[in-house]
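**Student:** Quick one: sequence plus predicted model below, questions after.
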Amino acid sequence: MTSCLGAAQADDGTGGVAASAQNPAQAASAAIPVPEDLDENSQELDDAISQPVPEEEEGEEPALVSETPGDGEDTADEIVAPGPQSDAKSDDAACRARVAAAVAAGREGLVPCMSWGTSASASDLRTALTAWPTPNWCDDHGADGLWYVTRFRACGIFPNDLTVINPRTGAVVGRMHYMVRAYAYSARDIGRWAYQVELLQVSSSGAANGSSAGGKATCVAKCKVEDSKFPSQVITASKDPVGQFFLDTTIKTSPKGQKGEGQAKAVWHFTNPEWDGPTNDVVLPTPPVRCDNALPGTSKPGCVMPYIPEMVYAKNGEFPELAKHIEYAQNTKNLPGKHGTRRYLTRLTNKEKITGNRRKACPSSLERPPGKQCDEYPMASTWQGADTGGGNFSRRMIDATQNEDGGRALSRFYLYNRILEKDKFLVWIK
């Protein structure tokens, strides 16, 4: 099944990792200029941003949504990440109320209730045949009811339970335990994202057998539902009901500089001929998705997940002198931006301030040995740079080609991950 974002986009996710030597797009993008050196509507970056980027590097781990903000800077209108299991008590109370209402009305039909379950193991999961393929890391943590995200993809496994109650006796006459495999993905060059929920039956008995699931999607904040497909489908041990949705951002494309968050919500319920009506609705929101048309140098809008990306330099890679300088700056001089910390770097896009950072760290009066250039850390294109960061920095003369190529790699990192003004990121030295 092909999505409206396109098959290539469905598999697109850098996980915050810069383009590597094996990246098929690297040769074509090697000459990408620094975004802040271009006009706001640069055709060069409009073309470059639509080139493919590699999958997550081996060993790259997605982050828990709850871990990604890092510093507790909440705002009053912030869209929070979902935590379905926190609703367990209200689900139970709602079920009791439904049973009581049936008793009071003298109805004899069976009353079905759904509620989020507890964590389950990955061994309970099965491979679906009709749904979009999910990332290979999606079920690494079993069904723990949490979202895991990279820059462009989010996935999680959520356990849920269906209980069917006879209101006359209070007896449970049917149960179903099922998993919800939820998957959302965005694109760095399209103002749209997609969301899929897939219901996987683990066990079923009694009056829960023969049930069908169906639903719809809604969207809150800066988005609208463009397409919602979740028709009623029977769930069995071999048949997985699937809902698929597409969301468009409602940020304005003009003037440039707009950004905003949206959050999709999948809503579904079960029906069965033996029951006195459907179950209560189950609601599963995605993590917030930020869309913007504020990326320097390009006019194309795009959307990202709440993941703080990491620029990777390897000491045995293309820029060993650059990597070793950053390692020294992070470890010996205790400068921010190190992998595994929450001392983030934040992007700076103001050209004058970037120039001021470069002049302070590497003034023209400094002697450059032949074949060498002055490299500064934190980078001039960050608010932690030599001038805007208060004067705490490191500089070193390194190979000129490595310095220039390493800077272009950083530009691609900004571009591919849609790193905007004051967006956080880290630098990982491997």
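**Tutor:** Perfect, I can see it now. Only a predicted model underlies this, so the values are computations on that prediction, with no experimental measurement involved.
**Student:** these two touch, right, A237 and L200?
**Tutor:** No - taking CB atoms under 8 Å as the definition, A237 is not a contact partner of L200, at 9.3 Å. C-beta here means a position set from N, CA and C on the backbone, and glycine is covered the same way.
**Student:** Looking only at neighbour counts, state which of the two leads.
**Tutor:** More crowded of A237 and L200, by other CB atoms under 10 Å: L200, with 22 against 11.
**Student:** who does the more buried one bridge with?
**Tutor:** Beta-bridge pairing for L200 (DSSP bridges): M179.
**Student:** so what's it scoring on pLDDT?
**Tutor:** The model reports L200 with a pLDDT of 95.
**Student:** does C155 sit in a helix or strand, and which one?
**Tutor:** Assigned by DSSP states H and E, C155 falls within strand 153-165.
**Student:** Give the full set of residues in contact with H339.
**Tutor:** For H339, the contact set (CB atoms under 8 Å, 6 or more residues apart in numbering) comprises 310, 426-429.
**Student:** would you turn those into a markdown table with secondary structure?
**Tutor:** Listed next are those as a markdown table, based on DSSP: H, G, I helix; E, B strand; the rest coil:
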| residue | secondary structure |
| --- | --- |
| E310 | strand |
| L426 | strand |
| V427 | strand |
| W428 | strand |
| I429 | strand |
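**Student:** Show me which of these is closest to R358.
**Tutor:** Set against R358, the nearest of the contacts of H339 by CB to CB is V427 (17.7 Å).
**Student:** Okay, and the beta partners of the closest one?
**Tutor:** Going by DSSP bridges, V427 forms beta bridges with M311, K338.
**Student:** State the distance from it to E376.
**Tutor:** For V427, the distance to E376 equals 13 Å [CB to CB, to the nearest Å].
**Student:** what's the answer for I308, then?
**Tutor:** Counting by CB to CB, the separation of I308 from E376 is 22 Å.
**Student:** D140 now?
**Tutor:** Taken as CB to CB, the span from D140 to E376 is 38 Å.
**Student:** now do W116
**Tutor:** To E376, W116 is 50 Å away according to CB to CB.
**Student:** And the helices in this structure?
**Tutor:** Here the chain has its helices, by DSSP state H, at 7-10, 26-29, 43-48, 88-104, 320-331, 351-361, 400-416.
**Student:** how about the ones you listed in a markdown table, adding distance to P287?
**Tutor:** Shown next, in a markdown table, are those (distance: least, CB to CB, whole Å):
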| stretch | distance to P287 |
| --- | --- |
| helix 7-10 | 17 |
| helix 26-29 | 28 |
| helix 43-48 | 27 |
| helix 88-104 | 20 |
| helix 320-331 | 29 |
| helix 351-361 | 31 |
| helix 400-416 | 20 |
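**Student:** Tell me which of those helices sits nearest to A217.
**Tutor:** Comparison of these against A217 by CB to CB identifies helix 7-10 as nearest, at 17.3 Å.
**Student:** need the contact list for the residue lying closest to N272 once chain neighbours are set aside.
**Tutor:** Among residues not flanking N272 along the chain, S211 sits closest, at 4.6 Å (CB to CB, 6 or more residues apart in numbering). Applying CB under 8 Å, 6+ apart to S211 gives the contacts 112, 162, 176, 204, 234-235, 270-272.
**Student:** Quick one, which of those are buried?
**Tutor:** 112, 162, 176, 204, 235, 270-272 (16 or more other CB atoms under 10 Å).
**Student:** between those residues, which is nearest M397?
**Tutor:** M397 has its nearest neighbour among the buried ones among the contacts of S211 in I235, at 65.1 Å by CB to CB.
**Student:** Let me know whether that closest one touches Y178 as I believe.
**Tutor:** Yes - if you go by CB under 8 Å, I235 and Y178 touch, sitting 6.9 Å apart.
**Student:** and for the two, which residues touch both?
**Tutor:** Joint contacts of I235 and Y178 (CB under 8 Å, 6+ apart) are 199, 201.
**Student:** Low-confidence stretches in the chain?
**Tutor:** 1-61, 66-89, 117-130 (pLDDT under 70).
**Student:** what sits opposite D161 in the beta ladder?
**Tutor:** S115, H177.
**Student:** right, and it touches H177 too?
**Tutor:** Yes - contact criterion CB under 8 Å: D161 and H177 qualify, at 5.6 Å.
**Student:** any idea what sits nearest L162, other than its immediate chain neighbours?
**Tutor:** M176 (4.0 Å).
**Student:** Distance of the one you found relative to D375?
**Tutor:** Counting by CB to CB - M176 and D375 are separated by 60 Å.
**Student:** for W193, same thing?
**Tutor:** Distance from W193 to D375, by CB to CB: 37 Å.
**Student:** More neighbours: which of those two?
**Tutor:** W193 (30 against 25).
**Student:** Would you quantify the distance from the residue lying closest to the more buried one once chain neighbours are set aside to K252?
**Tutor:** Nearest non-adjacent residue to W193, counting by CB to CB, 6+ apart: S186, 4.0 Å away. From S186 across to K252, the span is 18 Å (CB to CB).
**Student:** If you count surrounding residues, which of the two has more?
**Tutor:** Using other CB under 10 Å, the more surrounded residue of S186 and K252 is S186, with 29 against 13.
**Student:** tell me the contacts of the most centrally placed residue in the chain?
**Tutor:** Central residue of the chain (CA atoms, centre = their mean): M305, 3.0 Å from the mean position. If you count contacts by CB under 8 Å, 6+ apart, M305 has them with 149-154, 184, 186, 287, 289.
**Student:** Of those residues, which is the nearest to K224?
**Tutor:** Lowest distance from K224 to the contacts of M305 (CB to CB) belongs to V289, with 12.7 Å.
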